[in-house]
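Colleague: I need the structure of the sequence given here:
(2 chains)
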Amino acid sequence: VVSWTSIVTAYTLFGYMAQAKSLFDRMPHKDLVSWTTMLHAYAQHGYVQEARALFDQIPCKDVFLWTAMLQAYVQNGCLDEGRSLFEKIPKRNAVSWTTMVQGYVQHGNLQEARKLFDECRERDIVSWNAMIAAYTQVSNLEEARELFNQAPRKDPVTWNTMIRAYAQHDHLEESRQMFYDMPGMDVTSCAAMILAYSVHGYLDLAWELFSTMPVQDSVSWNVIIQAYTQNGLGRIALRLVHEMSEQGLYRD
RNA sequence: CGGAGUUCU
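Modeller: Next comes the predicted model:
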């Protein structure tokens, strides 16, 4: 069952829905993981009815499956259906709540999102990150900062969200401050900071950070290349592209 | 590390 499901997953990741479905249908035994995988694939490709039909066939549902169905609804704009499903989930956890909250965020209902977030007692770090990001997306940096300060824990995504938000709103100093307040050196936040420097024209600082970060991932390579390109230094960028491919990394 | 939610390329 495990290896069959892995292959189904592989098909869905490459967008081969027909193959995935056909293999899924021929699976001798299906368990909750394979059901959820298929349901999630339907959702990703916008097949809400198919997802629901599948969902209704499944006898014993766990919270993963419920939440996948919830995600199928909210991702495809069916917020009301999503909400009533949400109310029916037997054991809602932080993921279910955050999925619902995020559904409201993505459809512009920040009020309802925040209301739900405040009611929720199953909040984990991802819930906080989602709510913080929601405020940065509507340029409400004050509220984002407020939540950031209240957040019981912070991970690289938390920091990264704030660093980028400040950079995008021309608050380079705040970005810098965040970056240096952050414990440890996360590659994603380095990339965020490199991008911040470069869009403000500080190529030297961007390069300095890039070359001193512990390990350069493909995101930071892409960002530094973009930095040189956009600042009119195409030949340096080309050299970096070459170096990058020598490291076995790919450009986006 | 066979399945669900958050930031970025």
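Colleague: Could you use CA atoms for every contact and neighbour count after this?
Modeller: Will do.
Colleague: just for the stretch 151-252 of chain A, where's the confidence low?
Modeller: Scanning the stretch 151-252 of chain A for pLDDT under 70 picks out no residues.
Colleague: For RNA strand B, give me its nearest residue in the stretch 101-250 of chain A.
Modeller: Using C-alpha to the nearest atom of the strand, the closest approach of the stretch 101-250 of chain A to RNA strand B is made by A:A130 at 3.2 Å.
Colleague: what's the closest non-adjacent residue to that residue?
Modeller: Once flanking residues are discounted, A:A130 sits nearest to A:Q102: 6.9 Å by C-alpha to C-alpha, 6 or more residues apart in numbering.
Colleague: What is the neighbour count of that neighbour?
Modeller: By the other C-alpha atoms under 10 Å criterion, the neighbourhood of A:Q102 contains 25 residues.
Colleague: Averaged pLDDT, whatever helix or strand it lives in. What do you get?
Modeller: Using DSSP states H and E, A:Q102 sits within helix A:94-106. The average pLDDT within helix A:94-106 is 97.
Colleague: Format the CA atom coordinates belonging to it as PDB.
Modeller: Output of helix A:94-106 as PDB, limited to C-alpha atoms (Å, rounded to 0.1, in the frame of the first residue of the first chain):
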ATOM      1  CA  ALA A  94      -4.500  23.500  14.800                       C
ATOM      2  CA  VAL A  95      -4.300  22.500  11.100                       C
ATOM      3  CA  SER A  96      -8.100  22.500  10.600                       C
ATOM      4  CA  TRP A  97      -8.400  25.900  12.200                       C
ATOM      5  CA  THR A  98      -5.600  27.400  10.300                       C
ATOM      6  CA  THR A  99      -7.000  26.000   7.000                       C
ATOM      7  CA  MET A 100     -10.300  27.700   7.700                       C
ATOM      8  CA  VAL A 101      -8.600  31.000   8.800                       C
ATOM      9  CA  GLN A 102      -6.500  31.000   5.700                       C
ATOM     10  CA  GLY A 103      -9.500  30.400   3.600                       C
ATOM     11  CA  TYR A 104     -11.000  33.700   4.800                       C
ATOM     12  CA  VAL A 105      -7.700  35.500   4.400                       C
ATOM     13  CA  GLN A 106      -7.400  34.400   0.800                       C
END
